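K.L.:
Model the following, please.
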Amino acid sequence: MDVIDVAQRRQAEEIEYVLAARRTPPRGLTHCEHGDCGEAISDQRQQMGARLCIDCATVHEQEARRWAPRAYG
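P.N.:
All right, here's what the predicted structure looks like:
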């Protein structure tokens, strides 16, 4: 096994670790973590790993779209 094989194996392990963490919702996160919001997050959204209530998530997505680079064509 050479250095490249070791690096690729390590990268694959790190990717799997991150994906596994994203599949498992954080324990005890039942309310929005944005600032002072504290709005309850539905059970269904918790199971999907949501960390923000719907209103805060909507605002976050709008801001992300606002500052995203635009494709010119």
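K.L.:
By residue count, tell me the biggest helix in the protein.
P.N.:
helix 3-23 (DSSP state H).
K.L.:
what does that one contact?
P.N.:
If you take CB atoms under 8 Å, 6 or more residues apart in numbering as the criterion, helix 3-23 is touched by G49. C-beta coordinates here come from the backbone N, C-alpha and C atoms, glycine included.
K.L.:
What's the first helix or strand after it?
P.N.:
Stepping forward along the backbone from helix 3-23, the first helix or strand reached (DSSP states H and E) is helix 43-47.
K.L.:
How far away from the center of its chain is the longest helix of the chain?
P.N.:
If you compare the mean C-alpha spot of helix 3-23 with that of the full chain, they lie 17 Å apart, counting by CA atoms, centre = their mean, to the nearest Å.
K.L.:
Stretch 8-24 too?
P.N.:
Here the centre of mass of C-alpha atoms in stretch 8-24, compared against the chain's by CA atoms, centre = their mean, lies 14 Å away.
K.L.:
how close does I15 get to I4?
P.N.:
In this view, I15 and I4 are 16 Å apart by CB to CB, to the nearest Å.
K.L.:
For the chain, which residues score under the pLDDT cut-off?
P.N.:
The model of the chain has pLDDT under 70 over residues 24-28, 71-73.
K.L.:
Return the distance of the residue nearest the centre of the chain relative to G49.
P.N.:
Taking CA atoms, centre = their mean as the criterion, R22 is the residue nearest the geometric centre of the chain, at 6.7 Å. Distance of R22 to G49, given as CB to CB: 6 Å.
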